[in-house]
Every structure is written in C-alpha cells, then in structure tokens.
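Asks: here is my input; please provide its structure:
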Amino acid sequence: MARNKELNQKIKDERREQILSNALMLYAKKGLSATKITDISSASGISQGLIYHYYRSKEEVFVELIGTAFARLNVACRWLESQPLAPKEKIKFAIKELLKLLEQDEHAARYHLLIAQATASEAIPDEAKEIIKKENTFPYEVIARIITAGQKDGSIKKHDAQELALVFWTSINGLAIYKAVHGAKFKAPNANILTSMFFKE
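Replies: Take a look at the predicted model:
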C-alpha cells in the first residue's frame, strides 16, 4: 500500500514537472497573455481537465514558475557568497558556471527570459509582481557586495560596485535571452571576456 502511495506521488510530481517545463517553454516564446491553458495541455500531452487537477489557471502556473526562478537564482547567490573563496575567485566561478549552465540547460535561459519579460510587464498576476518586488534586487546586491570586497583587496576594478553588478547581470541576462531565442545555435563566449571587465590586470 505504501509503495502504491509512493508511486502515485512520483507520477504526480513528474506530471507537475512536465506541466511546468512545457509552460516555461511557452511563456518564454509567447508570453503569458498569448499562452492558453490548451497550449500547455497540448504541449504536455495531457488533457485540459487533468491540467486543472494540478493548477487552477495558467496564471497560477506562471506564478509558480516566477517563484521557482527567483528561488533557484537566490539560493545560488547565497551559496556563492558563503563560500570560503577570495572575491575574485567567486566572480570567476559565478561567470564560468552561469555560462556553462546556459549552454547545458535550456531551461536556465528560459527562466532568465521569463524574469525579464515579467519584470517589464504590467499584465502579470499581482502575486508574481510581489515576488519580483521582493526578490529581484537580491542577486545584484550579492554581486555588489562581492565586488566591494574585491575592491578592498585590490583584485577588482575601482568602479561603482552597483554599476559593476549591473554590468555582471545584464551581460548574463543578455546571453540568456540570446540562447532562449537562438537555441542550439548559441555558444557561450569565453569566460575571460566577461571576467576582464571586472579584474585588474
């Protein structure tokens, strides 16, 4: 009996992940307003009725994706900041890993694009707006703090830390949007091109 319960839960979790994955792809391509619940059910290969068993609306799916996007990004930022590495090494590691993620995980680029679209749009659920308002600045703050520490030890260029953090994230976001649009044609640039913007010779 317990095994059947575990199996049922596994099937539910996989189906939920399937719905989220396909919704992410559709929202990244079409946006929230142009995506219908029938599009999500069709892409997921399950009935519209079954979609409603998991989510009450396409807006609820959207809110969960926005929450997941920020949760993943901000957990990674907290982890990076907590590592016993020199500030320069943290920036180098972050750039290298983010570029690798963009090349290897198509969802990573779509999450960046989803955040960019949602942040620029008024036509999203209030709950998504609240998540963005609460979480959106955190990655910039973390990178700015790491940069400030690197400026103190002399390894990072003496420009405004907030502006350098903006350059860091807009570079990554721009590459992510390019990957989301061009797919398999995307090849990440050499990480040294990005790191050279931050490090002293």
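Asks: please make it C-alpha for all contacts and neighbour counts, starting now.
Replies: Will do.
Asks: give me the distance from the helix or strand of the chain with the lowest mean pLDDT to the chain's centre.
Replies: Taking mean pLDDT, DSSP states H and E as the measure, the helix or strand of the chain with the lowest value is helix 2-30, at a mean of 86. Distance of helix 2-30 from the chain centroid (C-alpha atoms, centre = their mean, to the nearest Å) equals 18 Å.
Asks: over to stretch 150-166?
Replies: With C-alpha atoms, centre = their mean, you get 24 Å for stretch 150-166.
Asks: excluding residues flanking it in the chain, which one is nearest Leu99?
Replies: Ala188 (6.0 Å; C-alpha to C-alpha, 6 or more residues apart in numbering).
Asks: what residues of the least confident helix or strand of the chain count as buried?
Replies: Buried residues in helix 2-30, counted by 16 or more other C-alpha atoms under 10 Å: 15-16, 18-29.
Asks: counting by contacts, list what it packs against.
Replies: helix 37-44, helix 58-82, helix 106-120 (3 or more C-alpha pairs under 8 Å, 6 or more residues apart in numbering; DSSP states H and E).
Asks: pLDDT averaged over the first one, what's the number?
Replies: Meaning helix 37-44. Average pLDDT, helix 37-44: 94.
Asks: can you check the second one too?
Replies: What helix 58-82 shows for mean pLDDT is 96.
Asks: swap in the last one?
Replies: The average of the pLDDT scores along helix 106-120 is 91.
Asks: and stretch 137-147, by the same measure?
Replies: Mean predicted confidence for stretch 137-147 is 98.
Asks: give me the buried stretch members for it, please.
Replies: Here stretch 137-147 shows Pro139, Tyr140, Glu141, Val142, Ile143, Ala144, Arg145, Ile146, Ile147 as buried, counting by 16+ other C-alpha under 10 Å.
Asks: among the residues you listed, which are in helices?
Replies: Pro139, Tyr140, Glu141, Val142, Ile143, Ala144, Arg145, Ile146, Ile147 (DSSP state H).
Asks: make sure the second one is actually in contact with Trp169.
Replies: Yes: between Tyr140 and Trp169 a contact is recorded at 7.2 Å, counting by C-alpha atoms under 8 Å.
Asks: got the contact list for Glu141?
Replies: Gln162, Ala165 (C-alpha atoms under 8 Å, 6 or more residues apart in numbering).
Asks: how close does it get to Ser42?
Replies: Per C-alpha to C-alpha, to the nearest Å, Glu141 is found 40 Å from Ser42.
Asks: with Gln48 instead?
Replies: 8 Å.
Asks: same deal with Val61?
Replies: For Val61 relative to Ser42 (C-alpha to C-alpha), the value is 15 Å.
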